[in-house]
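Novice: Give me a 3D structure for the following:
(one chain, ligands or ions: 1)
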Amino acid sequence: MIPAISTSGLGRRYRDQLGLEGVDLTVAPGTVTGLLGRNGAGKTTLLRIVAGLEFPTAGSVRVFGEPPTENDAVLRRIVFVREDQTYPDIQVRHAIAAASWFYSNWDGALAGQLLSEFGLPPRRPIRKLSRGMRSAVGLVIGLASRAELTLFDEPYAGLDVVARRLFYDRLLADVAEHPRTVVLSTHLVDEVAGLLEHLVVLERGRVVLDAPSEDVRGTAATVSGPAVAVEEFVAGRAVWRRQHLGSRASITFSGRLDADDTARAHALRLALEPLSLQQLLVLAAGRDGEEKVSA
Ligand SMILES: Nc1ncnc2c1ncn2[C@@H]1O[C@H](COP(=O)(O)OP(=O)(O)OP(=O)(O)O)[C@@H](O)[C@H]1O
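Specialist: Residues are numbered from 1 along each chain as shown. As a prediction, this is how the structure comes out:
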């Protein structure tokens, strides 16, 4: 099967900045991948190269087996929704019409439904929309285009939590009905965790994690309670973080939990909580060169 995206030794160097380095990635068709990483990690650079908007300075990129740059056949299969999306001075309905001409899988009924759900007046000039509403125009285009490769780069600047929830729900439902490849770059990891089948984490331009989200979830937990019992519980485990407060302790450790662990924590009257994806990534990012989150 031809991957939706494949990169080999991909790099992008700016004059005095490293954008990406040695990125080897394969994104399987029909999957939803989360592209995660701290500010400046290289997420936008990677998506821009995949969308053919930027040339790599090293290595290669293929989208559906072909180089994307100046390749109209490939570019028509990609929709790229950006945070800083700018539009000419047109009305909402004109932006929607222009997208409908470009994308062969465009679904006009879905676009109409989403415009109304996001509260977007079709005749309002885009420059008169609020920031969140402008983001919503991008989301409508990103969803209704049903492009085989759908790239969302932090697409919800200014969107409130209700509108974001609506986006996640519609994305999940539509992708289930019309499978396609989605890459979503985001900082709101826990909000989208349920959507993501695969995770790619970038750090300073390099891939530090590339794994199915199922393999990452539940790989660390925090146990809290009386310090003596907590220490007894984590004996022999890889401890990531230790916090003591008086006679109580809270310790985060790596490793999956099984039924015996849960029973033991219960018997010792300890609270045992798996780390959320976001907590895992934050902790891993703060561990500078120590053991990374491993799948
Ligand atoms: N046009 C450019 N000229 C110089 N450096 C650039 C340029 N574009 C990106 N960079 C640098 O490349 C690195 C990666 O930037 P990129 O925008 O890809 O990060 P990001 O992961 O998308 O960050 P954020 O989460 O803040 O959007 C940063 O150090 C950035 O300063």
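Novice: Tell me how many other residues crowd G119.
Specialist: 10 (other C-beta atoms under 10 Å). Where C-beta positions appear, they are placed from N, C-alpha and C, glycine not excepted.
Novice: Roughly how far does T219 sit from the ligand?
Specialist: Going from T219 to the ligand by C-beta to the nearest ligand atom, to the nearest Å gives 23 Å.
Novice: Would you confirm that that residue contacts S254?
Specialist: Yes: look at T219 against S254 with C-beta atoms under 8 Å: they come within range, at 6.1 Å.
Novice: Please enumerate the shared neighbours of those two.
Specialist: With contacts taken as C-beta atoms under 8 Å, 6 or more residues apart in numbering, not a single residue reaches both T219 and S254.
Novice: any idea which element D210 lies in?
Specialist: Element membership of D210, judged by DSSP states H and E, is strand 206-212.
Novice: Domain-wise, how is the protein divided?
Specialist: Following automatic domain parsing, one gets these domains for the chain: 5-215, 220-274.
Novice: what's the average pLDDT for the last one?
Specialist: Read it as domain 220-274. Across domain 220-274, pLDDT averages out at 92.
Novice: Just the endpoints, please. Distance across it?
Specialist: 6 Å (C-alpha to C-alpha, to the nearest Å).
Novice: Next: the first one.
Specialist: The first and last residues of domain 5-215 sit 21 Å apart, counting by C-alpha to C-alpha.
Novice: ok, and does that domain reach over to the ligand?
Specialist: Yes: Domain 5-215 comes into contact with the ligand (C-beta under 6 Å from any ligand atom), by way of Y14, Q17, G19, G37, N39, G40, A41, G42, K43, T44, T45.
Novice: Pick out the most distant pair among these.
Specialist: Y14 and G37 (17.2 Å; C-beta to C-beta).
Novice: Kindly present the domains of the chain as JSON lines, with separate columns for distance to A284.
Specialist: Listed next are these as JSON lines, based on distance: least, C-beta to C-beta, whole Å:
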{"stretch": "domain 5-215", "distance to A284": "8"}
{"stretch": "domain 220-274", "distance to A284": "9"}
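Novice: Which among those is found nearest to A285?
Specialist: domain 5-215 (6.1 Å).
Novice: Quick check on the residues of domain 5-215 next to the ligand: which are buried?
Specialist: G19, G37, A41, G42, K43, T44, T45 (16 or more other C-beta atoms under 10 Å).
Novice: Among those, name the ones in strands.
Specialist: G19 (DSSP state E).
Novice: Among the buried ones among the residues of domain 5-215 next to the ligand, which has the minimum pLDDT value?
Specialist: Within those, lowest confidence goes to G37 (90).
Novice: Okay, it and G246: tell me how far apart.
Specialist: To G246, G37 is 37 Å away according to C-beta to C-beta, to the nearest Å.
Novice: Could you do L275 as well?
Specialist: Distance from L275 to G246, by C-beta to C-beta: 24 Å.
Novice: that older thread, after the strand holding D210, which helix or strand is next? Please name it.
Specialist: Past strand 206-212, the next helix or strand by DSSP H and E is helix 213-216.
Novice: and that following helix, what does it pack onto?
Specialist: strand 198-203, helix 277-285 (3 or more C-beta pairs under 8 Å, 6 or more residues apart in numbering; DSSP states H and E).
Novice: The longest one vs the ligand: in contact?
Specialist: What that stands for is helix 277-285. No: using C-beta under 6 Å from any ligand atom, helix 277-285 stays clear of the ligand, with a minimum separation of 12.3 Å.
Novice: any chance you could map the strands in the stretch 151-295 of the chain?
Specialist: Counting by DSSP state E, counting those that start in this stretch, the stretch 151-295 of the chain has strands at residues 181-185, 198-203, 206-212, 220-226, 238-245, 248-254, 271-274.
Novice: now those strands in JSON lines, with mean neighbour count?
Specialist: What follows is the strands of the stretch 151-295 of the chain, written out as JSON lines (neighbours: other C-beta atoms under 10 Å):
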{"stretch": "strand 181-185", "mean neighbour count": "25"}
{"stretch": "strand 198-203", "mean neighbour count": "22"}
{"stretch": "strand 206-212", "mean neighbour count": "17"}
{"stretch": "strand 220-226", "mean neighbour count": "20"}
{"stretch": "strand 238-245", "mean neighbour count": "13"}
{"stretch": "strand 248-254", "mean neighbour count": "19"}
{"stretch": "strand 271-274", "mean neighbour count": "14"}
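Novice: Tell me who's in contact with the residue nearest to H244 when sequence neighbours are not counted.
Specialist: Excluding its sequence neighbours, the residue lying closest to H244 (C-beta to C-beta, 6 or more residues apart in numbering) is A227, at 6.0 Å. Contacts for A227 were tallied using C-beta under 8 Å, 6+ apart; they are H244, S247, R248, A249.
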